[in-house]
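**Student:** Quick one, structure for this:
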Amino acid sequence: MADLHGRTYEYVTRAELKPAKEQIEKIIRSLHTSLRKESVTFEEKLIGSGGKNLVTKVVGGNKGFDFDYNFVIQKDNGLEAKDLRLLFVRKLEDIIANTNYKNVSDGEQSFTIKVVDKKKSQIKHGCDFAIVNEYIDNQNNFRQQILVKHSNNYGWEDKPIAKNNSFTSYRCIHIANLLYWLLQRIYK
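**Tutor:** As a prediction, this is how the structure comes out:
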């Protein structure tokens, strides 16, 4: 079935997905090592379809497929938003210099690396990285901020709270009730 623009999608095969994912993970491990020397640490989270192994691409398209990662900051060495973002980009540029990935494209909310097949004029695959901060607000809501770039201004922007979290709330209440019941049984 086609989307609104007439494109038809297919799932990326495991044989195509696995080597690309392994290459990205190797790059991320190198990024960890390089940034640790600068006293910056992060946790990577594969999000979206890549995290569910449900990656798609356009049938007959030239854009390939991509992965999306959030880099959740754990320690930032007191760096300002701009310096932190530029440090990630610079280190990533250094790491991919000797790979088949094209240079880092620094967008508004994320930065991207891509493998391009120049003979076929197509993107084989790519990866988008966003730098985020996670926290619990005063109302005990899980919140996320994303490091964004507008022209040459950098800063943290709050991502909206999910509108439909009733199922998650239900699961938390259910788990709390089970724990309460278990504790009553144990300490009777």
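**Student:** Sheet-wise, list the partners of the helix or strand residue 69 falls within with their directions.
**Tutor:** Taking DSSP states H and E as the definition, residue 69 sits inside strand 65-75. When sheet partners are counted by DSSP bridges, strand 65-75 sits next to strand 41-47 (antiparallel), strand 122-136 (parallel).
**Student:** Report the separation between residue 149 and residue 22.
**Tutor:** Residue 149 sits at a distance of 29 Å from residue 22 (criterion: Cβ to Cβ, to the nearest Å). (C-beta placed from N, C-alpha, C; glycine too.)
**Student:** More neighbours: these two, which one.
**Tutor:** Neighbour tally, residue 149 and residue 22, criterion other Cβ atoms under 10 Å: the higher count belongs to residue 149, 19 against 10.
**Student:** residues in contact with the more buried one?
**Tutor:** The neighbourhood of residue 149, defined by Cβ atoms under 8 Å, 6 or more residues apart in numbering, consists of 85, 106, 107, 108, 109.
**Student:** List the buried residues for the one helix or strand it maps to?
**Tutor:** Residue 149 is located in strand 142-150, with elements delineated by DSSP H and E. The neighbour-count check on strand 142-150 (16 or more other Cβ atoms under 10 Å) flags 144, 145, 146, 147, 148, 149 as buried.
**Student:** Neighbours of the closest residue to the third one other than its chain neighbours, how many?
**Tutor:** The spatially closest residue to residue 146, leaving aside those adjacent along the chain, is residue 132, at 5.2 Å (Cβ to Cβ, 6 or more residues apart in numbering). Around residue 132 there are 20 other residues, counting by other Cβ under 10 Å.
**Student:** which secondary element of the protein has the worst mean pLDDT?
**Tutor:** Least confident helix or strand, the chain: helix 166-186 with a mean of 64, by mean pLDDT, DSSP states H and E.
**Student:** Find the residue at the geometric middle of this structure.
**Tutor:** Closest residue to the average C-alpha location of the chain: residue 69 at 1.6 Å, with Cα atoms, centre = their mean.
**Student:** show me where pLDDT drops low in this protein?
**Tutor:** Along the chain, the parts satisfying pLDDT under 70 run over 1-2, 161-174, 176-178, 180-181, 183-184, 187-188.
**Student:** mind checking how far the longest helix seen in it is from the chain centre?
**Tutor:** Across the chain, the longest stretch assigned as helix under DSSP state H is helix 14-36. Centroid displacement of helix 14-36 relative to its chain, using Cα atoms, centre = their mean, to the nearest Å, is 13 Å.
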